[in-house]
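S.K.: A predicted structure for the sequence below; I have some questions about it.
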Amino acid sequence: MSSRIDAALVLARRALSKVAALVAAAFAVRVLAVEPTYAVASALAYLILLVALGGWLVALLDLIGGIVWPVLRRTVIAAGLVRASYWLSLLARASWERDREGGKLVAAALALLHRPHDAALATWLEGKIHANAKTGLGGIVATGLLAASRGDSDGARDILAGADAFDPDFAPAAARRAANDWLVADAASRGDWITVIRRGVLPGQATAYTRFLARAAARIRGEALPGEPNPTDFGLWISWLLAPGRKVMRPLLVEARAAPRVLHQRKPPPPQPAMTVPLVDPAAHADDPVAHAQALHATWLALRPKTPGQAGTELEQRLSATRMQELCRAWEEAWPHAERRMRQRVAVLTTQTRAEEALAGIRRAVARELAELARAARLPLATFEVEVLPTAALAAEELRAELLTGVETGSEELRARTAADRRLPPAEESRAWNQFRRRYEEAVLLGGMPLRYLLFPQVHRDVCGYAVWLWNDRKEYGLSGPMFRWLLAEAEAVGDVEAIELQRKNVGAKR
Amino acid sequence: MSQKSDEFEPLGDNPFHVLGLRPDCTRVDVEREGQKLLGMLGLKLKSAATYMSPLGPRARTEDKVRAAMAALRDHEKRLGHEFWASLPPPATPPKPPPAPETRGPGPAPLAEAFAALGWRRS
């Protein structure tokens, strides 16, 4: 049986080659048989026909352009064919109009997530990302998805969240949606439903998948979604029907439909956090001011977040301005006793260090830790009673210096890179800028207007130079546009007329 | 701001707490206790693997014990550590924190969130 099929295939191949040879021969005979002028004209006519056909194909792709990308996502990309996805995404012209190269990268990165991690393919894709000199949003999203594929969830979260800061005029919706899909899936898998509700219905970024998750979570939590009411049973069912992965998400649908629908937003009382019991009770050391201050200090230190930048920690919820003042006062009361004790010990141990010197070092260490606590609890500098308590003044000074140094170093770094034309790989550029912006915004939040006035001139000079470099030399309009808008907002906040005028011009500039 | 594990913490890594001693101890006590702990750690005894500090239980290593002994031999350094050791560590380990709620104010974490999109979990 198989031999017959093979024979038939061979015959078919021969027949095909014969037909091709006949067509070629007919074309050659026709071209050679006629006069040279007609031959040239015929060749030109074929060429024009080919160009016209190509044009029609491109026009057709543009016409149905919106469909190509979703079709690719459900077929080639979903099959995990990384290289095929990379090349076939060229057909999705309409979805990646301003970032064609980015479209190829995102398609390949998404395909990589659809299959077991392949280090060789990941390296190949990384090479493609690095070869792409322009940092379009596609490159950034592909880098984030690649980090996710390698198991670096924290890095992926950081990079993909940077997509929000990209200029929407230069950010293909497909890239923003891919980033948002991953961020919502990540939040849902961690049980961070507030993020799911917030991101799930973001205009321009939401997909059927994120919408269903956000609506189901909102219904179960009894909350309204941003810009839409709590979903009905029918609405939930339709959302589920439109979403991918229906089988996996069915239990969530059942749970959501069982939850009562909240028609009016009622703010439920915040759940009482489980309080950590202090290891050492400060009240037990009320008779010893030094031990009392240390016990209070230890109570708050024990509540510090375990991972950097962790938000909403118990420390943030419990360490209020009043508590911080209480801690500073406890230290203030402890110092005279500590000095007396220190003098006695200096005499017994016969040290060369004088009691005052030793105590000064300890005061500085306490101030550093108080500043660290205030920063972790997001307590503004103004909450320190600097006029009354020297310890508070020292801590405020430490915190202020720490915030100032952080922003100044970051700003200097941007300036140095601009001056040296030192370019970062795609995604790293966006990440570096977002990190600097967060650092500045933290300094402004904690330091208030005095720090904002102090920092703005240098930040304006360096960031403006950096944004102009990105705009003029690197044509990174998607990154630099939001920077100009951010600078304008800052200039308006500090009332810098000259900077306002300059940034209005920059914001108005069009490619 | 985070807890820096590689940085010395006057309350958490205090040499007196590492050696399980009080500030009024003598140099002989330091040597004896240090050698005893080094021996126990060498034998990998569980009872020597941790120590209590005012910030909670910490891991005790041979390096930490040697560093603590060296710090307490130097009177200049001992002076500062004595100050921080004024606060005795809790005698008993803290009660375990309350068990996390299996259900918060919302659905349980959706482990298959990535699978719904056909993606691998990162």
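M.R.: That came in fine, so what should we check first? Residues are numbered from 1 along each chain as shown, chains lettered A, B, ... in the order given.
S.K.: What segments of chain B are helices?
M.R.: B:15-19, B:27-42, B:62-73, B:75-84 (DSSP state H).
S.K.: Give me whichever of these is most buried.
M.R.: Among these, helix B:15-19 has the highest mean neighbour count (mean count of other Cβ atoms under 10 Å in any protein chain shown), at a mean of 25. Any C-beta I mention is one placed from the backbone N, CA and C, and that applies to glycine too.
S.K.: What helices and strands are in contact with that helix?
M.R.: When contacts are defined as 3 or more Cβ pairs under 8 Å, 6 or more residues apart in numbering or on different chains; DSSP states H and E, helix B:15-19 packs onto helix B:27-42, strand B:50-53, helix B:62-73, helix B:75-84.
S.K.: With respect to A:Ala142, which of the ones you listed lies nearest?
M.R.: Across the helices and strands packed on helix B:15-19, A:Ala142 has its closest neighbour in helix B:62-73 (43.6 Å, Cβ to Cβ).
S.K.: Could you tell me how many residues sit around the residue in chain A positioned nearest to chain B?
M.R.: Going by Cβ to the nearest Cβ, chain B is nearest to A:Gly245 of chain A, at 2.6 Å. Residues lying near A:Gly245 (other Cβ atoms under 10 Å in any protein chain shown) number 19.
S.K.: From A:Leu454, how far out is it?
M.R.: 51 Å (Cβ to Cβ, to the nearest Å).
S.K.: Equivalent analysis for A:Arg364, please.
M.R.: 23 Å.
S.K.: These two: who's more crowded?
M.R.: Taking neighbours as other Cβ under 10 Å, A:Arg364 and A:Leu454 compare with A:Leu454 leading, 17 against 12.
S.K.: Surely that one is in a helix?
M.R.: Yes: assessed by DSSP: H, G, I helix; E, B strand; the rest coil, A:Leu454 belongs to a helix.
S.K.: pLDDT score assigned to it?
M.R.: If you check A:Leu454, the pLDDT there is 95.
S.K.: Hmm, A:Gly227 is touching A:Arg198, no?
M.R.: No: judged on Cβ atoms under 8 Å, A:Gly227 makes no contact with A:Arg198 at a distance of 11.1 Å.
S.K.: Of those two, which one has the most company?
M.R.: Set side by side, A:Gly227 and A:Arg198 show more neighbours around A:Arg198, with 15 against 8, by other Cβ under 10 Å.
S.K.: Can you tell me the element the more buried one falls in?
M.R.: Per DSSP states H and E: A:Arg198 is located in helix A:193-200.
S.K.: Who are the packing partners of that helix?
M.R.: helix A:173-190, helix A:208-221.
S.K.: what's the average pLDDT for it?
M.R.: Helix A:193-200 comes out at a mean pLDDT of 90.
S.K.: Buried ones in it, by neighbour count?
M.R.: A:193, A:195-197, A:199-200 (16 or more other Cβ atoms under 10 Å in any protein chain shown).
S.K.: go on, stretch A:435-452?
M.R.: Going by 16+ other Cβ under 10 Å, stretch A:435-452 has these buried residues: A:436-437, A:439-440, A:442-444, A:446-447, A:451-452.
S.K.: List every C-alpha atom in that stretch, with coordinates, as PDB.
M.R.: Extracted in PDB, the C-alpha atoms of stretch A:435-452 (Å, rounded to 0.1, in the frame of the first residue of the first chain):
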ATOM      1  CA  GLN A 435      13.600  53.200  39.300                       C
ATOM      2  CA  PHE A 436      14.800  56.800  39.300                       C
ATOM      3  CA  ARG A 437      11.300  58.200  39.100                       C
ATOM      4  CA  ARG A 438      10.200  56.000  42.000                       C
ATOM      5  CA  ARG A 439      13.200  57.100  44.100                       C
ATOM      6  CA  TYR A 440      12.400  60.800  43.400                       C
ATOM      7  CA  GLU A 441       8.700  60.400  44.200                       C
ATOM      8  CA  GLU A 442       9.500  58.600  47.400                       C
ATOM      9  CA  ALA A 443      11.900  61.500  48.400                       C
ATOM     10  CA  VAL A 444       9.100  64.000  47.600                       C
ATOM     11  CA  LEU A 445       6.500  62.000  49.500                       C
ATOM     12  CA  LEU A 446       8.700  61.800  52.600                       C
ATOM     13  CA  GLY A 447      10.600  65.100  52.300                       C
ATOM     14  CA  GLY A 448       7.700  67.300  51.300                       C
ATOM     15  CA  MET A 449       7.900  70.600  49.400                       C
ATOM     16  CA  PRO A 450      11.300  71.700  50.900                       C
ATOM     17  CA  LEU A 451      13.000  68.600  49.400                       C
ATOM     18  CA  ARG A 452      11.100  69.000  46.200                       C
END
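S.K.: sorry, back to before: so for chain A, which of the helices and strands packed on helix B:15-19 sits nearest?
M.R.: Here helix B:75-84 is closest among the helices and strands packed on helix B:15-19 (Cβ to the nearest Cβ), at 4.3 Å.
S.K.: ok and the closest one relative to helix B:27-42, angle-wise?
M.R.: Put simply, helix B:75-84 runs at 80 degrees to helix B:27-42, going by axes from the mean of the first three to the mean of the last three Cα atoms, to 10 degrees.
S.K.: who's in contact with helix B:75-84?
M.R.: A:290, A:294, A:338, A:341-342, A:345-346, A:349-353, A:358, A:361-362, B:10-11, B:14-16, B:23, B:71-72 (Cβ atoms under 8 Å, 6 or more residues apart in numbering or on different chains).
S.K.: Show only the entries of these found in strands.
M.R.: Among the contacts of helix B:75-84, no member falls in strands (criterion: DSSP state E).
S.K.: For the residues you listed, I'd like a selection string for ChimeraX - just the buried members, please.
M.R.: Restricted to buried positions by 16+ other Cβ under 10 Å, the ChimeraX selection for the contacts of helix B:75-84 reads:
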select /A:290,294,338,341,342,345,346,351,353,358,362 /B:10,11,14,15,16,23,71,72
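S.K.: Got the domain ranges for chain A?
M.R.: Domains of chain A are assigned by automatic domain parsing as A:2-63, A:70-258, A:282-379, A:406-508.
S.K.: Looking from chain A, tell me which residue of chain B is nearest.
M.R.: B:Ala116 (2.6 Å).
S.K.: wait, what's in contact with A:Leu451?
M.R.: Counted by Cβ under 8 Å, 6+ apart, A:Leu451 has contacts A:381, A:400, A:403-404, A:443-444.
S.K.: Actually, A:Val346.
M.R.: Here A:Val346 is in contact with A:353-355, A:358, B:79 (Cβ under 8 Å, 6+ apart).
S.K.: Compute the number of surrounding residues for A:Ile220.
M.R.: Neighbour tally, A:Ile220, other Cβ under 10 Å: 20.
S.K.: Tell me where the model's unsure across the stretch 101-250 of chain A.
M.R.: Along the stretch 101-250 of chain A, segments meeting pLDDT under 70 span A:133-135.
S.K.: now with 80?
M.R.: A:132-136, A:165, A:168-169, A:224 (pLDDT under 80).
S.K.: now chain B
M.R.: Those would be B:1-8, B:91-106, B:120-122, if you go by pLDDT under 80 across chain B.
S.K.: So for it, which residue is the most central one in space?
M.R.: B:Arg58 (1.5 Å; Cα atoms, centre = their mean).
S.K.: that older thread, check the buried residues of helix A:193-200 and tell me the two furthest apart.
M.R.: A:Trp193 and A:Arg199 (10.8 Å).
S.K.: which residues are common contacts for these two?
M.R.: The contact lists of A:Trp193 and A:Arg199 share A:Ala187, where a contact means Cβ under 8 Å, 6+ apart.
S.K.: Contact partners for the closest residue to A:Leu263 other than its chain neighbours?
M.R.: Spatial nearest neighbour of A:Leu263, chain neighbours left out: A:Asn230 (6.8 Å); criterion: Cβ to Cβ, 6 or more residues apart in numbering or on different chains. A:Asn230 is in contact with A:218-219, A:222-224, A:261-263, counting by Cβ under 8 Å, 6+ apart.
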